[in-house]
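Enquirer: here's a sequence, model it:
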Amino acid sequence: MPTARSDDRSDDFRPATAYPLGELAAVAPGAIVSRTLVRSGGGTVTLFAFDEGQSLSEHTAPFDALVQVVDGALELTIGGEAVHAAAGQVVLMPANVPHGLAAVKPSRMLLVMLRDRGAGA
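Expert: Numbers count the residues shown, from 1 in each chain. Presented below is the predicted three-dimensional model:
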């Protein structure tokens, strides 16, 4: 079973400062690591690091989300459709549509949750 670690230190993420994404969440053997970078009423930005073969099982979310692959490659399933996303690519996951993902190789992604004031916020 994969290990999931969360480092919720969004208060350490300061404005007007450049950060190397690779140092904010390291890929850990056999694990999924997440770190919330920004949390606001409009949504969240979370950096995930996946070791090869790690996955998130299918689930739904009440908000649209963008997945931006920072490095590595992910296989996403969105509404039953397979989507391969590699470094530098971004994928929209619509609200309330089942989705999941698996890391094809060690990978990092930014997940941007876009809260809609009229839809559950």
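
Enquirer: burial count for residue 100?
Expert: For residue 100, the neighbour count with other C-beta atoms under 10 Å is 13. In this view, the C-beta of every residue, glycine as well, is placed from N, C-alpha and C.

Enquirer: hmm, I was thinking of residue 44
Expert: Using other C-beta under 10 Å, residue 44 is surrounded by 17 other residues.

Enquirer: hmm, residue 35 and it touching each other?
Expert: No - using C-beta atoms under 8 Å, residue 44 is not in contact with residue 35; the gap is 11.1 Å.

Enquirer: distance from the chain centre to stretch 100-107, please.
Expert: 11 Å (C-alpha atoms, centre = their mean, to the nearest Å).

Enquirer: so which bits of that stretch are buried?
Expert: 101, 102, 103, 104, 106, 107 (16 or more other C-beta atoms under 10 Å).

Enquirer: any chance of those residues in JSON lines, plus pLDDT and secondary structure?
Expert: JSON lines is the format used below for the buried residues of stretch 100-107 (pLDDT from 0 to 100; DSSP: H, G, I helix; E, B strand; the rest coil):
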{"residue": "101", "pLDDT": "98", "secondary structure": "strand"}
{"residue": "102", "pLDDT": "98", "secondary structure": "strand"}
{"residue": "103", "pLDDT": "98", "secondary structure": "strand"}
{"residue": "104", "pLDDT": "97", "secondary structure": "coil"}
{"residue": "106", "pLDDT": "98", "secondary structure": "coil"}
{"residue": "107", "pLDDT": "98", "secondary structure": "strand"}
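
Enquirer: which of those sit farthest apart?
Expert: The span of the buried residues of stretch 100-107, defined through C-beta to C-beta, is set by 101 and 106 at 13.8 Å.

Enquirer: quick check: neighbours shared by the two?
Expert: Common neighbours of residue 101 and residue 106 are not found (criterion: C-beta atoms under 8 Å, 6 or more residues apart in numbering).

Enquirer: how about the strands of this structure, start to end?
Expert: 3-6, 31-40, 43-50, 55-59, 64-71, 73-78, 81-86, 90-93, 99-103, 107-114 (DSSP state E).
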